[in-house]
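Asker: Attaching a predicted model along with its sequence, questions to come.
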Amino acid sequence: MAKPTLQSRSRLAGFATEIGGISLREICDISIISIAKPLHDHALFDQNFIELFNQAPPLAPTSLRLKSPNCRVFQTQIDQWFVIGETNTIQDKFDYVTDQSDGWVALEISGENVILALERICPIDLHTDKFLIGHFARTMMEHMGCIILRTDTQTYQLFSASSSAESFLHAVETSIHNVT
Amino acid sequence: MTQINRLSGGKINRDKPCTFTFNGKILQGYQGDTLASALLANGINLVGRSFKYHRPRGIFSAGSEEPNALVQLRQAASNEPNTRATVTELYDGLYATSQNHRGPLNFDLMAATDLLSPFLGAGFYYKTFMWPRAFWEKLYEPIIRASAGLGKLSGEEDPDIYDKGFLHCDLLIIGAGPAGLAAARVAAHAGAQVIIADEDFLLGGRLNSERHEIDGIPADQWASETLAQLQEFGNVRILPRTTVLGAFDHGIYSALERKTDHQLHSNGKPRQVLWRIYSKRAILASGATERSIAFPNNDRPGIMLAGAVRSYAKRYGVAAGKQISIFTNNHSGWQIAQDLVDQGVKITAIVDTRDIPPPATFSGVAIMMGTQVVNTTGRKALRSITLSNGHVIQTDCLAVAGGWSPNVHLTCHQRGRPEWRNDIAAFVPSKSRPVGMSVVGAANGDLTLGAAIKSAHQTTNAVLKSIGFQTKRTQPPRAIDEAFAITPFWHVANQKHRAWVDLQNDVTTKDIKLSQTEGFHAVEHLKRYTTLGMATDQGKTSNVLGLAVMAEMLGKPIPETGTTIFRPPYTPVAMGALGGRARDKNYAPIRKTPSHQWASEQNAVFVETGNWLRAQWYPKLGETHWRESVDREVLATRKSVGICDVTTLGKIDIQGTDAAAFLNFIYANPFLKVPVGKVRYGLMLREDGICYDDGTTARLGENHFVMTTTTANAVLVYRRMEFARQCLCPEMDVHLISTTDAWAQYAIAGPNSRALLAKIVDNQDLSNEVFPFMACGEITICNGIPARLFRISFSGELAYELAVPTRYGDSLIRALMAEGQEFDATPYGTEALSVMRIEKGHVVGNEINGTTTALNLGMGGMVSQKKDSIGATLSQREVLINDNVVRLVGLQPVDKSHALQAGAHFLELGSKPTTQNDLGWMTSVAHSPTFGHSIGLGFVKNGHMRHGDIIRAWDGIRGRDIPVKIVSPHMYDPEGAIQRG
Amino acid sequence: MRYSALSIIKNGLTGNKGWKPVWREPDPKQHYDIVIVGGGGHGLATAHYLSKKYGVTNVAVLEKGWLGSGNIGRNTTIVRSNYLLDGNQPFYEHSMKLWEGLETDLNYNVMMSQRGILNLAHSDAQRDAFARRGNAMLMSGADAELLDIDAVRDMVPFLNFDNARFPIKGGLLQRRAGTARHDAVAWGYARSADSHGVDIIQNCEVTGFTIHDGKCTGVQTTRGTISANKVGVCVAGSSSMVMAKAGMRLPIESHVLQAFVSEGLKPTIPGVVTFGAGHLYISQSDKGGLVFGGDIDGYNSYAQRGNLPVIEHVAEDMMALMPFLGRARLLRMWGGVMDMSMDGSPIIDKTHIDGLYFNGGWCYGGFKATPASGDAYAHLLATDRPHETATQYHLDRFARGAMIDEKGAGAQPNLH
Amino acid sequence: MIIHHPLLGPRDASEFVHLGDATLLSRPDWQADDAIAQFHEYLYQRENPAGEYRELWYHEQGDRSWLIITRNTLTHEISSVELARDVARKGSAS
């Protein structure tokens, strides 16, 4: 008997909008893994990391952006990093890997006045000369834990728990509405 | 309607007239007016009633210190009580009414209380209304409550929305008067990130109300030009209409920006925004507030602060009266006189308490030195003043210049105490102010313009340097210092008449005298006994005066009498603004499970479980009572197969070479030797030996475990595990990460669960031999979708929990239901889950409630004393292990038709319901469709020895009292044969 | 002098010149039978009951600042006896009964106003917990009612019933609960104790204890050494600092609790209401101000002031529960230092040092406890036996495992 | 309050959860003869100083690190912030 087929479904069904020059969209089908550095094998981990990414593990708030493998790496705990993007080729290189892809909802927000909207909910200092392109911070917005990542001059990615995706989207959307 | 008191000039826009309504009268003013200035322009000065004696009250000030002119602004749900007319920006269509009177404003029936004032002195209520006892709530208090209070809330939900935000800066400048602007100029040029905030809608502070020159141009022009320059700097953020409310730790300030309060409608945008400003340094340039003098009957409408009279004339182009007189104890009274004359306002007399040569002369103005005002007349408007030299002067406006109090408020918010400066007769900020805050200008006691600007310039340079900015060597803006000298004069002694200190709360010098007589002379006692400074103005104009009067009565200098400090907020702030977006459903984030959409389609009833919404039951057509649905779901599960979304359980991924050892430490029961491919139930204790969570943990690999926690404790368990990992076991190689949201997890329970699962798993042998009870594995389903399968059972049935990546969760529940049709697969909600776990005797938060031990729960044997684990040691304290502690039992009604109630207490048959006779309590109850009657779990003293006994379940609060039988908590399949089957 | 309507009329007609100081301002004597350290509500209440009820009048109350300067004047004035556990509930019910007779006992109107307290339940589990608690209250002789949603709606129709994130499911009502005028409680007790001969000595800080051979025989103060047969410390908020002078460590941390008052408003909330899905308690004073509070800030502090997150949290709770208060304005906020104990319950006990007694750990239950705390402490000081309603408040209860943990939060003071 | 996280810089204290005295790092030996008494001292008895205080905070809405913060309980001034794990490894909790 044929087995049923399971469909993948994104948390916000690919939401996208533009309000007053600020665009907001869900980034669908993201792939995220966490990798942890073993306590007793620091050197090996670093060596593997350098082999893969050509660089030492980045330290917060700086993230590492790579073309090949096409991914971004940033530190989420003292001995833990997130790799976002092309993760399938990386998994096997590390001892402690946890798939995080489905735990998060990802939004991208961009536009000229994007900071005016973000400052309504984001406690991090986003002055463009302080929070540089490639910087990220894990923090809290409207009582929801989240990660904010600056990917371009006026573009930010926001990650928050997938179960409260709708509340998180509402928080970000309201911020845009309130300043436009 | 003509604006009879409107002068020429002023910073109002005569091209933008505004029509507004006050107490039903339609009036006109201009954009740039405040409600107060527009009322004065229209010749209206009676605007309210005082709190206690309901005395007529007029406009007293021109700023946020206003104690008198409080109105109800706007209508219906938008009505805002206690709004200061003096800071309410006029807009077309503004609607306001006066408040705190019964009958019309000019004939307040409550004014009769004024006649009783000899009996209503400070604290009179502490001495009476004591008899008979019951009359307090029934008679006295309702009368007091009805007459107390000020404005009235609409009672309707606030129709406006609010927002909050975060701002960061190197330098926060509080106040955009001369000192603030001078500071901002320096900081802007230095390249610092600057925020300059001012509560006013027109920036410039006193420069808009007084006549000065700065850098050779009129000071108000200098202010607007400076602001225009500041606008050009990308590193300066100017926030008008923004009150800095409070100074909190480490340079955090709260500020309220009024976004739409100057408009008729907010058009769906936030009315106000509460900013949290994170500053490296702050400069307080908040100016000074003028204060009054306590003289007999000094509370009549028309008696105003002198600076306010000037402000109305110069800034608003309004004469506060036709015949203005001035009462002063310092030079600013004379400066004000000059400014008024220049503005074309008629002055009748200047009365100065100081016996010095007059600092100036004005033609046609009576000048009296060394003279006091000893009485006034005019009930609803000032008519005349009587002087100590016997003169009576007809006047409709008395401008009182009692000296200036620097606005030290924010320096006190961290309990800094200001210090007294005799030369200016005022409290100034001391060193004990918030870290990182500097004070400049009048706020720091530099009351004259030149000094204020100079101090601001210098201080800002120093502050910037201290945080690493290079400042250019520039000269401060040039301004001269006006003459200023004061001889303190606080109150006119008089036995007969009352002299007001706190105008809103009706605190007079007589009250202060009484307070002193009765021993309430500590400043805090004075305030608390008389209510001095407790009104909506927080004593901005009255605190120093009251303290000074007390000092005189005690014959002590002011510093020895005490100081008075201010608390946040600087001015009152709407609760809506502090609440921000947290309204209705937005109070807390909503977490939804992967089957939420599908469950909604099934008409599921949802229940809040923490922030989660979970399906509580799935009503079917024709079911009229929730119990029908729940009973059906239970029976269907026990008969065939049921499916429940258990995604909300906390999930923690644990990896590392020491993962097993770590689990062995944080769980009370042994975990070292759990085989790969097996799940074990675990009990977690706090270090005090009390249980706080339980769950199952699966060993997926030698160094890899997956833990589940209860829904409620997921965050707490993770936090405590990180504590154990980082603080107690720092040498263990173990790594944690939450995966709660990453997996959709379904319980599939019932005799047909294996058959149903078999239809979707890829190549996984589900037989008892290969995949027995408590087995687990990483598998694939539906042709390659990764999944985890756990053979665990909360229902007591043959059961599994199946997890897939969240993105497939919606699809999986649909697939399971479709494939399960042949078994009549039934979705069940949290109620059925609960019924089955009670039947089975599993404990949840009702039992693991933070006060119960493993012993109480019947799991004392699980707490290993052969290893070090959190809580094991203290769980053995004498009182926790004595023979008489409560034990978990099952309970059944003796009369099977009785329903048990959670929260009932247990008593021996025939014993009285008293604290001493309490045997325990019912924790969980359910109607069991399996057994056909109500069942319960509960704690009974020594209950494990009492199976079969009959006791009372006493539920007095619901008027029930029934006999119940103690049984084993494991009522369904106590041997566990079914779940192992 | 005796207070009455008559005394007010008589004085009012004669220019209010006849009023007398409410208390004396004596210099400390060299010796007292009992010295009470701390002139707050509990210390003054202890002095009142010692002198009036237990007949010990050679008593001094030593206060480092002005009397009533601690938490008695920094709370949200709520009086209730709606506890769960047998270690607490009889004690608080005893307190409630004393409150009910306090005006008569003191000849001072402390404005004890029994307008009720309603604890809202937002889930079935919470409702069941309230039923258990309500039954415990009834068993102790207190009053309690369990309200269903309709009864709650009738009583407080202004709550957010229809669009709440956490819907209201019912409530636990104690009608005899209410509020009292906090400062007046301190003043009334002080006046009474003073009239019974107790010396209340303000601006007198205790700098040390005189302890020899395990026995405490007095205190050193900023106003000299005072000897005493017994010394009773009663300084909640500063307990650890004061008892450290006797070499003791306590199961207590000091935390800041903020409280808030709004501008005066015409009557809008009848009794006390508490929000069960967050942490908010609110009532309206006779003057018209809404008086409300929430959680402690959560970190140890002696600073008597708090920070923004708690303020915002309290406001969020208020707007979630009572959105009609959006345009009411917060007027003032302040902070008090709480003795947060390890199980959320207080301590009234002897110490291991003879003659030295301790009363503290009141968490945020101190105000409502004032009369019973005074009575129980006076009983202990006078008789060396615990009062019958305060038999479980021992210092060693944590060593024995006899915690009185109403919340079930464990040994973490900031969670109680 | 602002906590200067040693790795992340200044963060608002509301991202953190406060636990209590840093002495909670010095967990007693479970096999000691007077283990119950030692654990009682460890868990319940506090210095509770008015002044400098070493305490544990957890960066829950951040990098999940436990920190030891030295803070003055009278002024709230923070004078040092350390990673608790580093302190625990050094074995010097007090």
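Answerer: Cool, got the structure. As the structure is a prediction and not an experimental result, all values here were calculated from the model. Residues are numbered from 1 along each chain as shown, chains lettered A, B, ... in the order given.

Asker: Give me the neighbour count for B:Ser388.
Answerer: Close neighbours of B:Ser388, defined as other C-beta atoms under 10 Å in any protein chain shown, add up to 16. (Each C-beta comes from the backbone N, C-alpha and C, glycine too.)

Asker: ugh, wrong one, B:Glu560
Answerer: Number of residues near B:Glu560 (other C-beta under 10 Å) recorded here: 9.

Asker: close to chain D, is stretch B:872-891?
Answerer: Yes. Legend: contact between stretch B:872-891 and chain D by C-beta under 8 Å from any C-beta of the partner chain is shown at B:Ala872, B:Thr873, B:Leu874, B:Gln876, B:Arg877.

Asker: pLDDT wise, what is the third one at?
Answerer: The confidence metric pLDDT takes the value 98 at B:Leu874.

Asker: which residue is nearest the middle of the chain?
Answerer: All of this is about chain A. Residue closest to the average C-alpha location in chain A (C-alpha atoms, centre = their mean): A:Phe159, at 4.9 Å.

Asker: nope, chain B
Answerer: The centroid of chain B falls nearest to B:Leu578 when counting by C-alpha atoms, centre = their mean (5.5 Å).

Asker: With the flanking residues excluded, which residue is spatially nearest to that one?
Answerer: Counting by C-beta to C-beta, 6 or more residues apart in numbering or on different chains, the nearest residue to B:Leu578 once its immediate chain neighbours are dropped is C:Ala315, at 3.3 Å.

Asker: pretty sure that neighbour is touching B:Ala574, no?
Answerer: No. At 9.3 Å, C:Ala315 and B:Ala574 do not qualify as touching, with contact defined as C-beta atoms under 8 Å.

Asker: Pull up the overlap in contacts between the two.
Answerer: Shared contacts of C:Ala315 and B:Ala574 (C-beta atoms under 8 Å, 6 or more residues apart in numbering or on different chains): C:Leu330.

Asker: Counting neighbours, go ahead and name the busier of the two.
Answerer: When neighbours are counted by other C-beta under 10 Å, C:Ala315 and B:Ala574 differ, and C:Ala315 comes out ahead with 28 against 25.

Asker: got the contact list for that one?
Answerer: Residues in contact with C:Ala315 (C-beta under 8 Å, 6+ apart) are B:Met575, B:Leu578, B:Gly579, B:Gly580, B:Ala582, C:Leu330.

Asker: cool, and C:Gln114?
Answerer: B:Glu137, C:Glu100, C:Arg175, C:Arg176, C:Ala177, C:Gly178.

Asker: go again using 10 Å as the cut-off
Answerer: By C-beta atoms under 10 Å, 6 or more residues apart in numbering or on different chains, the contact set of C:Gln114 is B:134, B:136-137, B:141, C:79, C:96, C:99-100, C:174-180, C:271.

Asker: so how far is C:Phe130 from it?
Answerer: Here the distance between C:Gln114 and C:Phe130 works out to 20 Å (C-beta to C-beta, to the nearest Å).

Asker: In which helix or strand does B:Met817 reside?
Answerer: According to DSSP states H and E, B:Met817 maps onto helix B:809-819.

Asker: ok now the biggest helix by length in chain C, how far from the chain's centre?
Answerer: Longest helix of chain C, by residue count under DSSP state H: helix C:366-383. Distance of helix C:366-383 from its chain centroid, counting by C-alpha atoms, centre = their mean, to the nearest Å, is 11 Å.

Asker: pLDDT of it, averaged?
Answerer: According to the model, helix C:366-383 has a mean pLDDT of 98.

Asker: How many neighbouring residues does B:Pro476 have?
Answerer: 19.

Asker: Please give me every residue in contact with C:Leu331.
Answerer: Going by C-beta under 10 Å, 6+ apart, C:Leu331 touches B:82, B:534-538, B:567, B:569, B:571-573, C:260-264, C:289-290.

Asker: same question but for C:Gln392, I mixed them up
Answerer: Neighbouring residues of C:Gln392 by C-beta under 10 Å, 6+ apart: C:85-88, C:90-91, C:345-346, C:348-349, C:386, C:402-404.

Asker: for B:Met684, same thing?
Answerer: B:666-669, B:691-695, B:707, B:709-710, B:713, B:716-717, B:720-721, B:848, B:869-871.

Asker: ok, it to chain A distance?
Answerer: Per C-beta to the nearest C-beta, to the nearest Å, B:Met684 is found 21 Å from chain A.

Asker: and stretch C:394-412, how far apart are its ends?
Answerer: End-to-end distance for stretch C:394-412: 18 Å, by C-alpha to C-alpha, to the nearest Å.

Asker: hmm, back to that, the residue nearest to the centre of chain A - nearest residue in space that isn't next to it in sequence?
Answerer: Leaving aside its sequence neighbours, A:Phe159 sits nearest to A:Ile147 (C-beta to C-beta, 6+ apart; 4.2 Å).

Asker: Wasn't that neighbour part of a strand?
Answerer: Yes. Read with DSSP: H, G, I helix; E, B strand; the rest coil, A:Ile147 is one of the residues of a strand.

Asker: gap between it and chain D?
Answerer: Counting by C-beta to the nearest C-beta - A:Ile147 and chain D are separated by 10 Å.

Asker: So that residue is in contact with A:Ser160, correct?
Answerer: Yes. A:Ile147 lies in contact with A:Ser160 (C-beta atoms under 10 Å); the separation is 7.7 Å.

Asker: Centre of the chain to the longest helix along chain A, how far?
Answerer: If you go by DSSP H, chain A has its longest helix at helix A:165-179. Remark: helix A:165-179 is offset 17 Å from the chain centroid, using C-alpha atoms, centre = their mean.

Asker: State the number of residues packed around residue 61.
Answerer: No chain specified, so I'll use chain A. 22.

Asker: To clarify, I was referring to chain B.
Answerer: 27.

Asker: hang on, isn't it packed against B:Leu70?
Answerer: No. In this structure B:Ser61 lies outside contact range of B:Leu70 using C-beta under 10 Å: 11.8 Å.
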